[in-house]
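Engineer: Sequence and predicted structure, then a few things I'm wondering about:
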Amino acid sequence: MTETLSQLSTVFIYVAMGFYAAAFIAFALDLARRGARATAEEAAVVPSAVARRAEVAQPVGATAARMSASGGGAEAPPATPPSSALGRLSSRISTRLEDDVMNGAASSASIKWAFGLTIVGWGFHLIATVLRGIAADRVPWANMWEFSMTGTLVIVGVFLVANLKWDIKYLGTFIIGLVLVLQGIALLRYFVPVVPLQPALQSYWLVIHIIVAVLGTAFFALGFALSGLQLLQYRRERQVAESRPQQFKFLATLPSAVALENLAYRINIVGFIAWTFTLIAGAIWAEKAWGRYWGWDTKEVWTFIIWVIYAGYIHARATRGWRGSRSAWLAIIGFAAVLFNFGVVNVFFHGLHAYSGLGS
């Protein structure tokens, strides 16, 4: 029965990844549509080179002819032209963006399909995780395979729930893409059959410590995606200011770099709170399991390093005025440390926390 449930769990994971892959494609199509919309906006505002040459070459005598035709009276003054074409483009897109963010824009068909496919995929992912827990007769996060399964489940779940408060569906390509990569690596490298729980893990602290760590990781993943987009948006805004060509047109339909930074900061604070509790709960569990709160084990050290990076990020932005690209890079470095802690420390560094289940 255990083996059957474990196999069913794996099948459902493959099904979930199929839906995630379809959602990823739909999210990518939405970004392409956004890029096309931004290009159309630009084409509607910026006059063509032929039109500009025709306007410059217009004979001065045409003005006199118009005055003569009107009976010699003074010609009505022309309407004040807008500022630069680039400024008009930026203003129109920014105005539309504010309406989209504050009031909710009409979603395209691709984004509706993408979000729906993500929800269905998450449902299969949840079933797979529950089946693995039933097969093991415990919580499904006792080794790297199970932690990967649960962690990616929570990342997608947090993304879905966050959309109830903020319209951040534009992150779908990056979040679902990250989940596909992480879960794909887990299927290839981390899968292990169901095994009994090791004595040191037979504690209710396994539930408390790991679930808050997973929640913290999920919020850090959202913050990472927002910070990456912030860097791209910051670069695009500089290109607009300097009248240089832009590489990623879809960025013109996304919030400004400042708005992305502020949202990333708020989300990373939530992740930092969860990670702080992870550190505290881990210390309490270590005292109960090994008789000491801290032992400079590799896993403990890297968990603390991650905490220090995000503490520095929050402190530097709040008190030292580290804004813009510097704060974004700190957040990205922090999430890179999270991935290193999971994918490298667990596999290549052996210590008291060597519970990967690989090659033992």
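Structural biologist: Nice, I can see it.
Engineer: ends of stretch 178-195, how far apart?
Structural biologist: Counting by CA to CA, to the nearest Å, you get 28 Å between the two ends of stretch 178-195.
Engineer: Not counting that stretch itself, show me its contacts.
Structural biologist: 2-3, 6, 10, 13-14, 17, 20-21, 24, 132, 135-136, 143-145, 148-149, 151-152, 155-156, 221, 225, 343, 356-358 (CB atoms under 8 Å, 6 or more residues apart in numbering). For every residue, glycine as well, the C-beta is placed using N, CA and C.
Engineer: Filter those residues down to just the ones in helices.
Structural biologist: Taking DSSP state H as the definition of helices, the contacts of stretch 178-195 contribute 2-3, 6, 10, 13-14, 17, 20-21, 24, 132, 135-136, 144-145, 148-149, 151-152, 155-156, 221, 225.
Engineer: burial measure for Thr152, as a count.
Structural biologist: Burial of Thr152 is recorded as 31 neighbouring residues (other CB atoms under 10 Å).
Engineer: Could you say which helix or strand holds Leu164?
Structural biologist: Secondary structure assignment for Leu164, by DSSP states H and E: no helix or strand.
Engineer: so how far is Val212 from it?
Structural biologist: Distance, Leu164 to Val212, by CB to CB, to the nearest Å: 21 Å.
Engineer: And Arg138, by the same measure?
Structural biologist: 18 Å.
Engineer: Could you do Val240 as well?
Structural biologist: Using CB to CB, we find Val240 at a distance of 41 Å from Val212.
Engineer: of the two, who's got more company?
Structural biologist: Taking other CB under 10 Å, Val240 and Val212 do not tie; Val212 has more neighbours (20 against 17).
Engineer: what's stretch 115-127 in contact with?
Structural biologist: Contact partners of stretch 115-127, identified using CB under 8 Å, 6+ apart, comprise 12-13, 15-20, 22-23, 26, 107, 149, 152-153, 156-157, 159-160, 163, 169, 172, 176.
Engineer: From those, keep the buried residues only.
Structural biologist: Buried members of those, scored by 16 or more other CB atoms under 10 Å, are 12-13, 15-17, 19-20, 22-23, 26, 149, 152-153, 156-157, 159-160, 169, 172, 176.
Engineer: for this protein, which spans come out with low pLDDT?
Structural biologist: Along the chain, the parts satisfying pLDDT under 70 run over 1, 41-107, 200, 320, 351-360.
Engineer: Fine by me, thanks again.
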